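Colleague: predicted model and sequence follow; I will ask about them next.
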2 protein chains.
Amino acid sequence: MGSLGELEYPVNDSLSNMGSNTNPLDPEEFRRQGHMVIDFIADYYKNIEKHPVLSQVEPGYLKKRLPTSAPYYPESIETILSDVQEHIVPGITHWQSPNYFAYFPSSGSIAGFLGEMLATGFNVVGFNWMSSPAATELESIVMDWLGQMLRLPKSFLFSGNGGGVLQGTTCEAILCTLVAARDRTLKNIGNDKIGKLVVYCSDQTHCAFKKAAQIAGIHPNNFRVIPTTLSSSFSMSPEALRKTIMADVDAGFVPIYLLATVGTTSTTAVDPLGPLCDVAKDYGMWVHVDAAYAGSICICPEFRHFIDGIEGASSFSFNAHKWFFTTLDCCCLWVKDPAALTKSLSTDPEYLKNKASESKQVVDYKDWQLALSRRFRSLKLWLVLRSYGVERLRGFLRSHVKMAKQFQAFVLADHRFEVVVPRNFATVCFRISPSALLATRNANKGPHHAVLSEIINISNDNNIGTTTRISTPPPPPPLKMVSVNDLNQKLMDSINGSGRAYLTHSVVDGIFLLRFAVGASLTEESHVVQAWNVVKEHADTMLSRYTSQSHF
Amino acid sequence: MGSLGELEYPVNDSLSNMGSNTNPLDPEEFRRQGHMVIDFIADYYKNIEKHPVLSQVEPGYLKKRLPTSAPYYPESIETILSDVQEHIVPGITHWQSPNYFAYFPSSGSIAGFLGEMLATGFNVVGFNWMSSPAATELESIVMDWLGQMLRLPKSFLFSGNGGGVLQGTTCEAILCTLVAARDRTLKNIGNDKIGKLVVYCSDQTHCAFKKAAQIAGIHPNNFRVIPTTLSSSFSMSPEALRKTIMADVDAGFVPIYLLATVGTTSTTAVDPLGPLCDVAKDYGMWVHVDAAYAGSICICPEFRHFIDGIEGASSFSFNAHKWFFTTLDCCCLWVKDPAALTKSLSTDPEYLKNKASESKQVVDYKDWQLALSRRFRSLKLWLVLRSYGVERLRGFLRSHVKMAKQFQAFVLADHRFEVVVPRNFATVCFRISPSALLATRNANKGPHHAVLSEIINISNDNNIGTTTRISTPPPPPPLKMVSVNDLNQKLMDSINGSGRAYLTHSVVDGIFLLRFAVGASLTEESHVVQAWNVVKEHADTMLSRYTSQSHF
């Protein structure tokens, strides 16, 4: 391909090319091709375990396989699907695979998929009520349904003068509420004072908050991060928060927003909502509760206590596209004071004026979100709620927790491993324990001892003393963490490189841990057993290298 | 439904309900239900003309029809689809109807739908390369393809060290680039100076910009709106822009960002990119070109001149979900300097670290957008480009322009109507002309004359003199605009209330105009003829009321 001037598309094709084509939305052709793609995807799910979970391609793989420009003439759906199979599928990391345990799940479902199809088929742009009343009204109804399922206080529901809205992602939910909180304060103290506003979170808060604060123009120096520790399971301390706020207030700053998390990304830690909200209340701050991952399971009565204290918060969100069987993207946000959102985010151009909006009898969701245009997302959530009902949804979620418990039991039963933090939901944080390395070292007073000593490097770092291992092995001498961390990193890379399971990591308090997040819809107990076997096999190989090779 | 304490869901169902359910992603059940929904949507398209285009429901209609809480037990897809038909479809404004001429189109297509299905089926969360290499790489490839089709300067393409990214909406594209521009300047002058930053647009710029500036913390007083006039077809004046900037600079403000538009929402006006970029360049400003609607047609050589001057801009976006057969949402954004975006929008938490990102050999699109999570949007764009090829895409777009020309011809041939501004693309801005009212009045020197005089209200307002009517009727005496505007508003409401066609309005320079935007994929010439007949019939009725009734 040369310069743009050399592009091969005809430039004088305008006369020969007009109106003679099949309609791009011809119903019968839609039917024919639609059925083909349904079969393609059904077969994909059927055979999904044949693919390595984590894509094994190299950067730039696709450029080598595809043309450098779009075709001039149409290509058939048969050709395209064959290319999807041959060129796209190898580059996919299979989030729907039953062997997917990485990050958090993106749990798809038939109902979620069908709802997305219907939304795509109708393809309405539901920015205001008028542009498709059903899109707005179904969303409000479904958000009240879901709020009831979660036993949210009535003040978060439309029926209690709050209300819910579907955002794309938690990032958007945070940014919208932050802007609302910001403007609520600036209205009182003046827009010139934006540099005085301060926001708060913990060191376990999702990075989305830092980014939202950056986008909203919060001064980078005014982003406060409360440290957490392993000893408190990475939960935010209300006392530390209060101290930080008091110091800011004393220094002339204005605290506006606290982000509390139920189910942090690294370890699924839970911040104490009640006490945190009490602190925030004293300073008139907005409290947003981010339960992106763990919100779903609060529909099970035995898990509801994790959001106790929510009545003191200003807003609450969770991602139905994570662990609630609703395909990406679908973040559920409830606010107590919709007017705070709409005061910041409303637009009212002439070309959108209409009688329904002017009557103030309707919700115009464009004023509850960042963008104007919006998809008919409530359809998929509605289909999920109806297709499975509260009963099955609870059942699905509980089955994931049960599988996570099983995996945890495997970990606990193998003395080489430890569970790093208590499991709250369906994610197990574990690692090869320092004591396992020590045991390997002790078992190997042979020719490689010097090498191993070098690798393990005894030191005074004793961070490991506070892990939650239930069985109590003799306390190992402190080890230099970096080596244990390296070993666990290598274990993870080795597992993921096999393509048989995929899990990801985090580092908390200096500890590199592996996260085993159960939640992919297709996962069954046999997959968890198999995943544990994969972990064990790779650990066996890795630990045996210590005893048999000097070049680890 | 009583208080939350009385919710009817069992709270102690945890033992009886675990793991005994059908898998929510069972491939054969997926196949069965998927085929059903394909047929449902195909039938919807087949029968779409049977529905009123603009939904005729009243606010609150759906609440009266649906239960007040989610079901406890599962419901069948048959029941749900029947409810979609009975309760949702009446509340839909049918953007896919061939009789839809409102706002701008959301032109669906089979290819776009199938691409969305595949993306939903894979359901990957492509925040970084690693999380699904194909999602990232296909996006980069497709954005280069499309950039070539538009003959964007190479500096906007990956192959020229720029690059493209798919955003959800133009609102997001604007906010991302604005934040990049803001931070680029603040880095030099200090974060404390955010209150000094000024942004520029015209009074025809989309409301998304005002909202983006608000979100980004630009001081509300620092949002400059350059007035436009009918006489310059609502195009932004580079001279007026320069004067405004100079005054700001003199007053100690810092100009950072100009939003220029190709195809404004009200009248599809085009700002002169070259001269505007020249002005902006003198002040080191970021120039974003919003071609949300009109960008698509610039793939046709005979329309490419509308974006001449783009080489001086910093970024360019258009919505493939508007008039490019790609289902909502899909905004294509190109930037010359991706590093400016990623400097503002990057996050690097431990749990997302991976070797590919660290190698700097890959694109991590999470750092090019507001949110972390992102759907595999490039699939649908890829399917659209391949299924239709450049040839058919040009053909589809040209056929819409041809139909718009035809509609314009109908308007021009009826002396009661006028075209308000020159048609640039496939949108005709028209109205019942003041002279038609006058003619009606003159033809009716009967008993109702006094009433008509009162309605028409001769005044000195002569805004109407500069319209683009090609045939030249005798210049009417000036009329009080409010009455002509009222009449056109009533005409629009009357047409839309019939359900036979749907069009929307704007008000520019005091003139209420009707917008007839051709672009729904199913629209054919017969629909345009029919729509014109509907317009005429309603105008006939309305104008005849002047001569036969006194209670209009």
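Modeller: Yep, it's here.
Colleague: going forward, measure contacts and count neighbours with C-alpha atoms only.
Modeller: Noted.
Colleague: how many residues are close by A:Asp203?
Modeller: Taking other C-alpha atoms under 10 Å in any protein chain shown as the criterion, the count of residues near A:Asp203 is 17.
Colleague: swap in the one 3 residues further on?
Modeller: Residues near A:His206, counting by other C-alpha under 10 Å, number 22.
Colleague: I'd assumed A:Thr264 was in contact with it.
Modeller: Yes. Counting by C-alpha atoms under 8 Å, A:His206 touches A:Thr264, with 7.1 Å between them.
Colleague: for chain A, which helix extends over the most residues?
Modeller: helix A:378-413 (DSSP state H).
Colleague: output the lowest mean pLDDT helix or strand found in chain A.
Modeller: Sorted by mean pLDDT, DSSP states H and E, the helices and strands of chain A end with helix A:449-456, the least confident at a mean of 37.
Colleague: next helix or strand past it?
Modeller: helix A:481-498 (DSSP states H and E).
Colleague: same for that next one, what does it pack against?
Modeller: Using 3 or more C-alpha pairs under 8 Å, 6 or more residues apart in numbering or on different chains; DSSP states H and E, the elements in contact with helix A:481-498 are strand A:427-432, helix A:449-456, strand A:504-508, strand A:511-517, helix A:525-548.
Colleague: buried ones in it, by neighbour count?
Modeller: A:481-485, A:487-489, A:491-498 (16 or more other C-alpha atoms under 10 Å in any protein chain shown).
Colleague: likewise for stretch A:517-526?
Modeller: Buried positions in stretch A:517-526, judged by neighbour count with 16+ other C-alpha under 10 Å: A:517-525.
Colleague: make a markdown table from these and add pLDDT and distance to B:Gly309 to it.
Modeller: Below are the buried residues of stretch A:517-526 laid out as a markdown table (pLDDT from 0 to 100; distance: C-alpha to C-alpha, whole Å):
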| residue | pLDDT | distance to B:Gly309 |
| --- | --- | --- |
| A:Ala517 | 98 | 51 |
| A:Val518 | 98 | 53 |
| A:Gly519 | 98 | 51 |
| A:Ala520 | 98 | 49 |
| A:Ser521 | 97 | 51 |
| A:Leu522 | 98 | 52 |
| A:Thr523 | 98 | 54 |
| A:Glu524 | 97 | 58 |
| A:Glu525 | 97 | 61 |
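Colleague: out of these, who's near chain B?
Modeller: Within the set of the buried residues of stretch A:517-526, contact with chain B (C-alpha under 8 Å from any C-alpha of the partner chain) is found for A:521-522.
Colleague: out of the buried residues of stretch A:517-526, which is nearest to B:Ala339?
Modeller: Distance ranking of the buried residues of stretch A:517-526 against B:Ala339, using C-alpha to C-alpha, places A:Ala517 first at 33.6 Å.
Colleague: so what's the nearest residue to the closest one once chain neighbours are set aside up against?
Modeller: Distance criterion C-alpha to C-alpha, 6 or more residues apart in numbering or on different chains; nearest residue to A:Ala517, sequence neighbours excluded, is A:Thr427 at 4.1 Å. Neighbouring residues of A:Thr427 by C-alpha atoms under 8 Å, 6 or more residues apart in numbering or on different chains: A:267-268, A:401, A:404, A:515-518.
Colleague: what's the spacing between A:Thr427 and A:Ala409?
Modeller: Using C-alpha to C-alpha, to the nearest Å, A:Thr427 is found at 13 Å from A:Ala409.
Colleague: now swap in A:Leu345 and tell me
Modeller: A:Leu345 is 49 Å from A:Ala409, where distance means C-alpha to C-alpha.
Colleague: neighbour-wise, which of those two wins?
Modeller: Each of A:Leu345 and A:Ala409 has its neighbours counted (other C-alpha under 10 Å); A:Leu345 has more, 26 against 12.
Colleague: that older thread, I'd like the buried residues of stretch A:517-526 laid out as a markdown table, including distance to A:Gly295.
Modeller: Output for the buried residues of stretch A:517-526, formatted as a markdown table (distance: C-alpha to C-alpha, whole Å):
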| residue | distance to A:Gly295 |
| --- | --- |
| A:Ala517 | 15 |
| A:Val518 | 15 |
| A:Gly519 | 14 |
| A:Ala520 | 16 |
| A:Ser521 | 17 |
| A:Leu522 | 21 |
| A:Thr523 | 20 |
| A:Glu524 | 22 |
| A:Glu525 | 23 |
